[in-house]
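Novice: Fold the stuff below for me.
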Amino acid sequence: MEQNLIVKDKIIIRRLIYQSRNYDGFTKMITAIKLRARSILGEDYEYSVSDEIALLKPIKNKFSRDIEKTMGYWPIWEKWLSRVKGVGPYIASNMIIAYYYRLIPYCIHCGKNYHKNDNSFEFTCDHCGKKSKGNGNLNHRIERRQFDTVSKWWKFLGRSPEEDGKLPRKKKGEKLGYNPKLKAVGYQFIESINKFNEDHPYKAYMLNRKLKRQRTHPDSGKRHIYNMAGNEAFKLFASHFWHVARTLEGQPTTGPYIQAICGHTNIISPFYWEP
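Specialist: Modelled structure (predicted):
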């Protein structure tokens, strides 16, 4: 609960959330400019927007540096994430925020939690029944999250396959069982490590899984094989995140299902990690 966090904690947590969302929003704006230019200006779009992008990149870099300074408050950044090649501010800050904290909207009238109304952006208070509409921006309190197993962490990241073997996706009329923002972070991680050479441990693992999937799924297309291998690489990284985070907090790190239940011993220890 937020009352269990000291004032300094709450200030720094909120600062990281604020900075991370600014960085995400600014990156989306740059992407939108490029897409808009390509759509309207045609083949010369890259030349046409080069000056604008040159002006915006220093601001984006400033956001990135500010996030890195704030993330220094978390041992998992200082002792591990900052060493992982390809994990920049977008991936790191969103993983830290999602793993450790949740923002709970609350009623400004009585201080109790809101719950979201179905198919609406409106919230209703669990206690007094008043609605959020007309009260301006929502107020949030911070609560600590707990993922006592790596499988729960994978599910929250949108990386636990459904009965058809595919990753979960949004279905009309059904509540999401995962965080869509974190699912996007996974794709960003895959694209990021794919730019490195084979000596990058997560890239090497992805290439290994790609070869295996080519044997187990010979009729699948190149993109499907790439997605499967990338998903396995991100799940490995996410399990390493879980293991390091739990270790740093002195919590038990019982292995994932395949290790704890099936007895497999070929578990890969976190890359770049020196306990």
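Novice: Quick check: which element contains Thr253?
Specialist: According to DSSP states H and E, Thr253 maps onto no helix or strand at all.
Novice: wouldn't it be in contact with Arg246 here?
Specialist: Yes: Thr253 is in contact with Arg246 according to Cβ atoms under 8 Å; the separation is 4.8 Å. In short, each C-beta sits where N, CA and C put it, glycine included.
Novice: Tell me which of these two has more neighbours.
Specialist: Arg246 (17 against 12; other Cβ atoms under 10 Å).
Novice: State the pLDDT value of that one.
Specialist: On the pLDDT scale, Arg246 is placed at 93.
Novice: my guess is it meets Thr254, correct?
Specialist: No: with contact defined as Cβ under 8 Å, Arg246 does not count as touching Thr254 (9.3 Å).
Novice: Against Asp44, how distant is Arg53?
Specialist: That one is not Arg; residue 53 is Ile. Distance check for Ile53 against Asp44: by Cβ to Cβ, to the nearest Å, it reads 14 Å.
Novice: Who are the contact partners of Ile91?
Specialist: Neighbour list for Ile91: 185, 188-189, 192 [criterion: Cβ atoms under 8 Å, 6 or more residues apart in numbering].
Novice: quick one: which of the residues you listed is nearest Val49?
Specialist: Using Cβ to Cβ, Gln188 comes nearest to Val49 of the contacts of Ile91, at 22.1 Å.
Novice: residue contacts, that closest one?
Specialist: Contact analysis of Gln188 by Cβ under 8 Å, 6+ apart lists 90-91.
Novice: any idea which element it lies in?
Specialist: According to DSSP H and E, Gln188 maps onto helix 180-193.
Novice: So which bits of that helix are buried?
Specialist: Neighbour counts over helix 180-193 (16 or more other Cβ atoms under 10 Å) mark 182-183, 185-186, 188-190, 192-193 as buried.
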